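# The following comprises the amino acid sequence and a computationally predicted model.
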Amino acid sequence: MTTGVKDDRDVRSVVQAAVTRHGATQEALIPVMAEVNQALGYLPAQALEEIGKSLRLPSSHLVSVASFYRMFSTQPRGRHVIQFCESAPCHVMGGRELLRALEGELGLVPGATSADGRWTLLTASCLGVCGVGPVVIVDGDIYGAVTPERVPEILARYP
């Protein structure tokens, strides 16, 4: 994943490739946005504008979709995105202590990205694997029954 946008031509070419692959229809909005978000690392305003033009959708609709779905970001994210589950089952199983350990190890609060661009820490109301709480997802890799002591070992897997 690239975390920086080089220039407007790069954004246009990424958007056009996604629109070519998925189609210029309203139904293609989510797949197009997902591909652009993956390619650029986030959805900059220029990308939303280009997607809107290509799919003939108002910018307000694109901003709504981009802000509604957690998989999208309108701000650059780190190379590695950590999602922490805040659900009741994870909380009961030690989630609060796990979050404190993540914050301490990363030097971040939820929603923040490290100054070096390596990490972004996000929270989610549920990650869908309540039976093995507390849960952390790093770049799509699911870790269940995570204890604060395991945090350094898990993070070390992501250079």
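Cool, got the structure. Residues are numbered from 1 along each chain as shown.

# in this protein, which helix or strand is least confident?
helix 88-90 (a mean of 91; mean pLDDT, DSSP states H and E).

# what number of residues lie near residue 109?
For residue 109, the count of nearby residues is 11 (other Cβ atoms under 10 Å). C-beta coordinates here come from the backbone N, C-alpha and C atoms, glycine included.

# Doesn't it lie inside a helix?
No - applying DSSP: H, G, I helix; E, B strand; the rest coil, one finds residue 109 to be coil, outside a helix.

# Now find how far off-centre the helix or strand just after the least confident helix or strand of the chain is within its chain.
Next along the chain after helix 88-90, taking DSSP states H and E as the criterion, comes helix 96-106. Put simply, helix 96-106 sits 19 Å off its chain's centre (Cα atoms, centre = their mean, to the nearest Å).

# can you list contacts of the next helix or strand after helix 96-106?
The element immediately downstream of helix 96-106 (helix or strand, assigned by DSSP H and E) is strand 119-124. The contact list for strand 119-124 (Cβ atoms under 8 Å, 6 or more residues apart in numbering) reads 70, 77-86, 99, 102-103, 106, 108-114.

# Mark which of those are buried, thanks.
Buried subset of the contacts of strand 119-124 (neighbour count, 16 or more other Cβ atoms under 10 Å): 77-86, 99, 102-103, 106, 108, 110, 113.

# quick one: secondary structure of the most centrally placed residue in the chain?
Nearest residue to the geometric centre of the chain (Cα atoms, centre = their mean): residue 71, 4.8 Å. Of the three states, residue 71 takes coil according to three-state DSSP.
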